[in-house]
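Trainee: heads up, no residue letters with this:
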């Protein structure tokens, strides 16, 4: 990337600005609200609407599927209007939809509201990426994403507890209304973002996966799939190695990711993005191999830590790789491509690991997924990157 510092040199430019703090706080409010929905939606569907397991699953999945499908369109909206207005509009849509949950008297209505929630997610997530690009120095993008991504982890960590607390205090109406306040807060804080100029909207839409990002994008999705597979099957694999539950491995994984993102944030800008991406894939693969072949709590814990270290570097490093290979005048396209790759990895990981486990068992499934992550390094060789798009 032009202007990047030499390897090992400190990155420059001021990062902690009012706009950056506003973005992080707005995303924190938004993701805490999304996290609060994790227990509320299935409980409401089952308790109030008498939905069976399949219907509950479809209702929960409608959110992610809608977000995945709409991310490219959200990218074009952001390129046309700039990130601030779509971010605020998406957060306001989330707040309005959550208030409408108080009137959801049937499964069909709840399903429709989940689709609208997914639309809000598509816009807010995609708008957040170009907003981050606009307000942070190019030489500190990896560090900026390391910090801002903690909003997602914190939202998942504390959001469900907030949702259940609100439910216990006043029932579902109080819970929906309380979470809607978080969406409104995200919109209010997001309105403080600078009104950056829109991208080049006159030209045709940018391809979601142009040639320069296809191979590194595939490598990134494979790395995300490894962590997603672990999160989906950690409880079952922990039981196989003699642990009573997955509480402490999950706590270790989450703790390492959060602390690592804080302590190693600047590392993601001091070295070549491709090298850090390769290191992240290597750690991810090694962690999965330890989880698949190890025996006992010590090996399981070691695999968890190594995998978490891979997750610390994976997203910031590949964010730099992909932004280097996508057109600078289409920041919405950057957000859309990045979001879709994350969605694909998160969705494919548990499915692929589950399919592998049917024939190989969980040890074999973790081992194969670990080898796939390690082999993803081959997709980052200089000859595989394709022609870099104009900057």
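Mentor: Done, it's in. Small disclaimer: the values here were computed from a predicted structure and weren't measured.

Trainee: as a whole number, average confidence for stretch 270-289?
Mentor: Stretch 270-289 carries an average pLDDT of 89.

Trainee: buried ones in that stretch?
Mentor: Buried residues in stretch 270-289, defined by neighbour count with 16 or more other Cβ atoms under 10 Å: 270-271, 273-274, 276-289. Glycine gets a C-beta too; all of them are placed from N, C-alpha and C.

Trainee: Those in helices, which ones?
Mentor: 270, 273-274, 276-289 (DSSP state H).

Trainee: how close does residue 177 sit to residue 169?
Mentor: According to Cβ to Cβ, to the nearest Å, residue 177 stands 11 Å off from residue 169.

Trainee: neighbour-wise, which of these two wins?
Mentor: Set residue 177 next to residue 169 and count neighbours by other Cβ atoms under 10 Å: residue 177 wins out with 16 against 10.

Trainee: And residue 344, how far from residue 303?
Mentor: Distance, residue 344 to residue 303, by Cβ to Cβ: 24 Å.

Trainee: can you check residue 37 too?
Mentor: 31 Å.

Trainee: Quick one: mean pLDDT over stretch 125-145.
Mentor: Stretch 125-145 comes out at a mean pLDDT of 80.

Trainee: Using the record's domain definitions, break the chain down for me.
Mentor: Following automatic domain parsing, one gets these domains for the chain: 18-190, 211-384.

Trainee: what's the least confident stretch among the ones you listed?
Mentor: domain 211-384 (a mean of 82).

Trainee: in what helix or strand does residue 134 lie?
Mentor: Under the criterion of DSSP states H and E, residue 134 resides in helix 107-135.

Trainee: Now do the helix or strand just after that helix: which elements does it pack against?
Mentor: Later in the chain than helix 107-135, the nearest helix or strand by DSSP H and E is helix 141-148. Packing partners of helix 141-148 (3 or more Cβ pairs under 8 Å, 6 or more residues apart in numbering; DSSP states H and E): helix 18-47, helix 107-135, helix 247-263, helix 267-270, helix 296-325.

Trainee: how about these in JSON lines, adding distance to residue 219?
Mentor: What follows is those, written out as JSON lines (distance: least, Cβ to Cβ, whole Å):
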{"stretch": "helix 18-47", "distance to residue 219": "26"}
{"stretch": "helix 107-135", "distance to residue 219": "19"}
{"stretch": "helix 247-263", "distance to residue 219": "20"}
{"stretch": "helix 267-270", "distance to residue 219": "16"}
{"stretch": "helix 296-325", "distance to residue 219": "8"}
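
Trainee: ok, now which ones touch the closest residue to residue 374 other than its chain neighbours?
Mentor: Nearest residue to residue 374, sequence neighbours excluded (Cβ to Cβ, 6 or more residues apart in numbering): residue 285, at 3.2 Å. Contacts for residue 285 (Cβ atoms under 8 Å, 6 or more residues apart in numbering) come out as 226, 310, 370-376.

Trainee: what do you get if the cut-off is 6 Å, keeping everything else the same?
Mentor: 370, 373-374 (Cβ atoms under 6 Å, 6 or more residues apart in numbering).

Trainee: Among those, which lie within strands?
Mentor: Among those, none falls in strands (DSSP state E).

Trainee: want to throw these into CSV with distance to residue 182 and neighbour count?
Mentor: Below are the contacts of residue 285 laid out as CSV (distance: Cβ to Cβ, whole Å; neighbours: other Cβ atoms under 10 Å):
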residue, distance to residue 182, neighbour count
370, 37, 25
373, 35, 30
374, 40, 21
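
Trainee: how about CSV for those residues, with distance to residue 153 added?
Mentor: Formatted as CSV, the contacts of residue 285 follow (distance: Cβ to Cβ, whole Å):
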residue, distance to residue 153
370, 23
373, 20
374, 25
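
Trainee: Okay, and which of the residues you listed map to helices?
Mentor: Counting by DSSP H, these contribute 370, 373-374 to helices.

Trainee: Which of those residues lies at the shortest distance from residue 325?
Mentor: residue 373 (20.7 Å; Cβ to Cβ).

Trainee: Relative to residue 348, how far out is the closest one?
Mentor: Distance from residue 373 to residue 348, by Cβ to Cβ: 13 Å.

Trainee: who's in contact with the residue nearest to residue 335 when sequence neighbours are not counted?
Mentor: Distance criterion Cβ to Cβ, 6+ apart; nearest residue to residue 335, sequence neighbours excluded, is residue 129 at 3.3 Å. Residues in contact with residue 129 (Cβ under 6 Å, 6+ apart) are 334-335, 338.

Trainee: quick one on the thing from earlier: so which of the helices and strands packed on helix 141-148 is nearest residue 62?
Mentor: Using Cβ to Cβ, the helices and strands packed on helix 141-148 put helix 107-135 closest to residue 62, at 4.1 Å.

Trainee: quick one, the closest one and helix 296-325 angle?
Mentor: 60 degrees (axes from the mean of the first three to the mean of the last three Cα atoms, to 10 degrees).

Trainee: list the buried ones in helix 107-135?
Mentor: Using 16+ other Cβ under 10 Å as the test for burial, helix 107-135 gives 107, 110-111, 113-135.

Trainee: Settle this for me: residue 159 is touching residue 32, isn't it.
Mentor: Yes - checked against Cβ atoms under 6 Å, the pair residue 159 and residue 32 is within contact range at 4.6 Å.

Trainee: more neighbours, these two?
Mentor: More crowded of residue 159 and residue 32, by other Cβ under 10 Å: residue 32, with 26 against 22.

Trainee: just the contacts of residue 129 now: which is nearest residue 24?
Mentor: For the contacts of residue 129, the nearest to residue 24 is residue 335 (16.2 Å; Cβ to Cβ).

Trainee: so that closest one is in which element?
Mentor: Residue 335 belongs to helix 331-375 when assigned by DSSP H and E.

Trainee: what's the closest non-adjacent residue to the residue most central in space within the chain?
Mentor: For the chain, the residue nearest the mean C-alpha position is residue 342 (5.7 Å; Cα atoms, centre = their mean). Nearest non-adjacent residue to residue 342, counting by Cβ to Cβ, 6+ apart: residue 224, 6.0 Å away.
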